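Colleague: can't give you the sequence, but here's the structure:
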RNA sequence: GCGCCAGUAGCUCAGUUGGAUAGAGCAACGGACUUCUAAUCCGUAGGCCGAGGGUUCGAAUCCUUCCUGGCGCGCCA
């Protein structure tokens, strides 16, 4: 809709130049159109006349007048007015808006999709929690945001891969192995001194017991080997847990990428060699450093320590270099906000390799504060017994959980109230939106029972939709695609959530004021058509967020 | 000390990339169920957009200096 109008404006400008009412002859690079807050200002407003004032050397209002004259008999526009310092307000013909309804019906589940991404290959890497314990609530937010970002990108025509980076190579894995081994020995009646820095939590005992029954007690096995066996076993089981929990959350990865495999395939050394070749790394104090300060980092960073072992950064560098070698045009990392300090060094690395820094986008996910009835829900830090994501999903359900994680922009902290999320009441925004969908379904059931047929596109008289609120609903439906595009381009899935709440609110209001099934058959058909378009868009938006659209509540 | 994020109604937060009179949900108050699901709707009230300065036709939005809160500043992962 916006683009149609934009095109019409361009044509009108050209006419003005041809007729000489405007003189510069330059078409502006961009024609800004916005939806005004105040509906009295029309469907779209443009500041065009004001931005052109300098080039044209004319008062904005005079430019606007010339333009308005040229647009006078365009069928797209009902009314074009000049307002304030030189805004041009466009009111489109209702028929334009109702045309959107046919589009919704024809495209169905596809409605809202676009091709602005033009097949650009993007990888979204998210969760990537260490495979040393179950996911907790903080991981959950990153998981949902990452998944939803991937979904809106796909809907906007980007080619997206979802990847989980498995940190199965570092020290933490060894610690897990050692912790399991100690618990295993406990099971065998030994009194062991459990390491201070070991994993204290209960699930380690669980893993030890499992290992005992599946593999044996590892008696007589050399300690180093035993630790490794425990680590391997632990990582495998924990990854299984994680995958199951994510699946329960509706999240599926296209690829699980093992850090260990980077080393096994000599990729780390290979990529580090490339850095050296380009003169980006140097040796000092027996260590190998990456010169990130050349690209805005405040310190150079160690890749290989003086004892010969690799830092976490080394494999991360190799991993990201390899991402681009895999052919992605853009790479998105979803991290916890506590890792924000790593962004400059990662971007520096990419700049050094000749990538523009925007090719890597890091989304920082702020903390989640868990509440119950408004009271902070503190978890025992030392005991290691935190609230797992699984417990939260089991308690409040996947739909509510996902919706709450998506309701805020990801760079602001989130208060997550378990009781509120569970409540099936007015206070709960999830049900508010789902209820709107269920209501349309209910109308459909009643229509069927009364023998009213579902409207067919070529038979509906959309002229029967005469009310302001019906026009407003059609306009809201028309905005769905640009909402998705905005969410995709800015990596802000919460925009879709707000869109949903707006659409649901408009529908609920309409529902309370007007009946859909009325005596007049033609009006009934037109209204059924409209509310079913609402239903389709509600469902499309909910599914985009991974939330269900129930037919009955 | 340096860096990142945030600061908007009593509370939790939006704010269309610089536009016209700053919005929503809770909470408060008053209304609407013999009518397609009241998990809903309608109305009232609520503001120095943390503070100062700057940029311009125009700033919650951009620049700058402060203040407050959170999080980071390892040859840890």
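Modeller: Cool, got the structure. Predicted model, so just to flag it, every value in this text is computed and none were measured.
Colleague: using the three-state scheme, assign the residue lying farthest from the centre of chain A.
Modeller: Distance from the C-alpha centroid of chain A peaks at residue A:220, with 50.6 Å (CA atoms, centre = their mean). Under DSSP: H, G, I helix; E, B strand; the rest coil, the three-state class of residue A:220 is coil.
Colleague: pull out the buried residues from stretch A:346-355.
Modeller: A:346, A:347, A:348, A:349, A:350, A:351, A:352, A:353, A:355 (16 or more other CB atoms under 10 Å). The C-beta positions use only the backbone N, C-alpha and C, and glycine is treated the same way.
Colleague: tell me how far the lengthiest helix in chain A lies from the chain's centre.
Modeller: Identified as the longest helix of chain A according to DSSP state H is helix A:223-248. How far helix A:223-248 lies from its chain's middle: 29 Å, per CA atoms, centre = their mean, to the nearest Å.
Colleague: stretch A:491-507 too?
Modeller: Between the mean C-alpha location of stretch A:491-507 and the chain-wide mean there is a distance of 13 Å, by CA atoms, centre = their mean.
Colleague: and residue A:202, how far from RNA strand B?
Modeller: 21 Å (CB to the nearest atom of the strand, to the nearest Å).
Colleague: what about that residue, neighbour count?
Modeller: By the measure other CB atoms under 10 Å, the count of residues near residue A:202 is 12.
Colleague: what do you get for residue A:209?
Modeller: 14.
Colleague: wasn't it part of a helix?
Modeller: Yes: the assignment for residue A:209 is a helix, going by three-state DSSP.
Colleague: how many other residues sit next to residue A:27?
Modeller: For residue A:27, using other CB under 10 Å, the count is 12.
Colleague: tell me which element the most centrally placed residue in chain A falls in.
Modeller: With distances taken as CA atoms, centre = their mean, residue A:149 lies nearest the centre of chain A, 2.2 Å away. Using DSSP states H and E, residue A:149 maps to helix A:137-155.
Colleague: quick one, that helix and helix A:223-248 angle?
Modeller: Put simply, helix A:137-155 runs at 60 degrees to helix A:223-248, going by axes from the mean of the first three to the mean of the last three CA atoms, to 10 degrees.
Colleague: report the buried residues of stretch A:119-139.
Modeller: Buried, per 16+ other CB under 10 Å, within stretch A:119-139: A:122-139.
Colleague: quick check, that stretch touching RNA strand B?
Modeller: Yes: using CB under 7 Å from any atom of the strand, stretch A:119-139 reaches RNA strand B at residue A:130.
Colleague: now do that stretch: distance to the chain's middle.
Modeller: Worked out by CA atoms, centre = their mean, stretch A:119-139 lies 13 Å from the chain centre.
Colleague: cool, stretch A:116-133 as well?
Modeller: 11 Å.
Colleague: now do stretch A:281-292
Modeller: So, by CA atoms, centre = their mean, the centroid of stretch A:281-292 is 37 Å from its chain's centroid.
Colleague: also stretch A:318-330?
Modeller: Distance, centroid of stretch A:318-330 to centroid of chain: 21 Å (CA atoms, centre = their mean).
Colleague: do that stretch and RNA strand B meet at all?
Modeller: No: between stretch A:318-330 and RNA strand B, judged by CB under 7 Å from any atom of the strand, nothing touches; the nearest distance is 12.8 Å.
Colleague: kindly report the same for stretch A:503-511.
Modeller: Yes: counting by CB under 7 Å from any atom of the strand, RNA strand B has neighbours in stretch A:503-511: A:505, A:508, A:509, A:511.
Colleague: neighbouring contacts of that stretch?
Modeller: Applying CB atoms under 8 Å, 6 or more residues apart in numbering, the contact partners of stretch A:503-511 are A:432-433, A:435-436, A:439-440, A:469-470, A:472-473, A:476-477, A:531, A:534, A:537-538, A:541.
Colleague: can you rerun that using 6 Å?
Modeller: A:432, A:433, A:436, A:469, A:473, A:476, A:534 (CB atoms under 6 Å, 6 or more residues apart in numbering).
Colleague: apart from its chain neighbours, what residue comes closest to the fourth one?
Modeller: Translated: residue A:469. residue A:510 (5.1 Å; CB to CB, 6 or more residues apart in numbering).
Colleague: name the secondary structure element that contains that neighbour.
Modeller: With DSSP H and E as criterion, residue A:510 is part of helix A:494-513.
Colleague: hang on, the earlier thing: the residue nearest to the centre of chain A reaches residue A:491, doesn't it?
Modeller: Yes: Residue A:149 is in contact with residue A:491 according to CB atoms under 6 Å; the separation is 5.2 Å.
Colleague: okay, now residue A:151: neighbour count?
Modeller: 22.
Colleague: so what's it up against?
Modeller: With the criterion set at CB under 6 Å, 6+ apart, residue A:151 makes contact with residue A:544.
Colleague: what's the separation between it and residue A:59?
Modeller: 47 Å (CB to CB, to the nearest Å).
Colleague: restricted to helices, list the buried residues of stretch A:346-355.
Modeller: Using DSSP H, the buried residues of stretch A:346-355 in helices are A:346, A:347, A:348, A:349, A:350, A:351, A:352.
Colleague: turn those into JSON lines, columns for pLDDT.
Modeller: Formatted as JSON lines, these follow (pLDDT from 0 to 100):
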{"residue": "A:346", "pLDDT": "94"}
{"residue": "A:347", "pLDDT": "92"}
{"residue": "A:348", "pLDDT": "92"}
{"residue": "A:349", "pLDDT": "93"}
{"residue": "A:350", "pLDDT": "91"}
{"residue": "A:351", "pLDDT": "91"}
{"residue": "A:352", "pLDDT": "91"}
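Colleague: and those near RNA strand B, which?
Modeller: Applying CB under 7 Å from any atom of the strand to those, none is adjacent to RNA strand B.
Colleague: any residue of stretch A:35-49 touching RNA strand B?
Modeller: Yes: applying CB under 7 Å from any atom of the strand, one finds that stretch A:35-49 is in contact with RNA strand B at A:35, A:36, A:37, A:38, A:40, A:41, A:42, A:45, A:47.
Colleague: show me the contacts for residue A:337.
Modeller: Residue A:337 touches A:364, A:366, counting by CB under 6 Å, 6+ apart.
Colleague: how close does it sit to residue A:461?
Modeller: Where residue A:461 is concerned, residue A:337 sits at a distance of 54 Å (CB to CB).
Colleague: do residue A:484 as well
Modeller: Taken as CB to CB, the span from residue A:484 to residue A:461 is 30 Å.
Colleague: out of the two, which sits in the more crowded spot?
Modeller: Each of residue A:484 and residue A:461 has its neighbours counted (other CB under 10 Å); residue A:484 has more, 28 against 12.
Colleague: show me what counts as buried in the helix or strand where the more buried one lies.
Modeller: In the assignment (DSSP H and E), residue A:484 maps to helix A:480-489. Residues of helix A:480-489 classed as buried by neighbour count (16+ other CB under 10 Å): A:480, A:481, A:482, A:483, A:484, A:485, A:486, A:487, A:488.
Colleague: can you check stretch A:277-295 too?
Modeller: For stretch A:277-295, burial by neighbour count (16+ other CB under 10 Å) applies to A:280, A:281, A:288, A:289, A:290, A:291, A:292, A:295.
Colleague: how does chain A divide into domains?
Modeller: If you go by automatic domain parsing, the domain ranges for chain A are A:2-92, A:428-544.
Colleague: so which residue of chain A comes closest to RNA strand B?
Modeller: residue A:170 (2.3 Å; CB to the nearest atom of the strand).
Colleague: and that residue, how many neighbours?
Modeller: 17.
Colleague: just the pLDDT for the closest residue to it other than its chain neighbours.
Modeller: Distances taken as CB to CB, 6+ apart place residue A:312 nearest to residue A:170, at 5.9 Å, with adjacent residues excluded. You'll see residue A:312 listed with a pLDDT of 93.
Colleague: okay, now the unreliable bits of the stretch 351-500 of chain A?
Modeller: For the stretch 351-500 of chain A, residues meeting the criterion pLDDT under 70 lie at A:377-386, A:424-427.
Colleague: which parts of it are helices?
Modeller: Here the stretch 351-500 of chain A has its helices, by DSSP state H, counting those that start in this stretch, at A:389-396, A:398-406, A:418-422, A:429-449, A:468-478, A:480-489, A:494-513.
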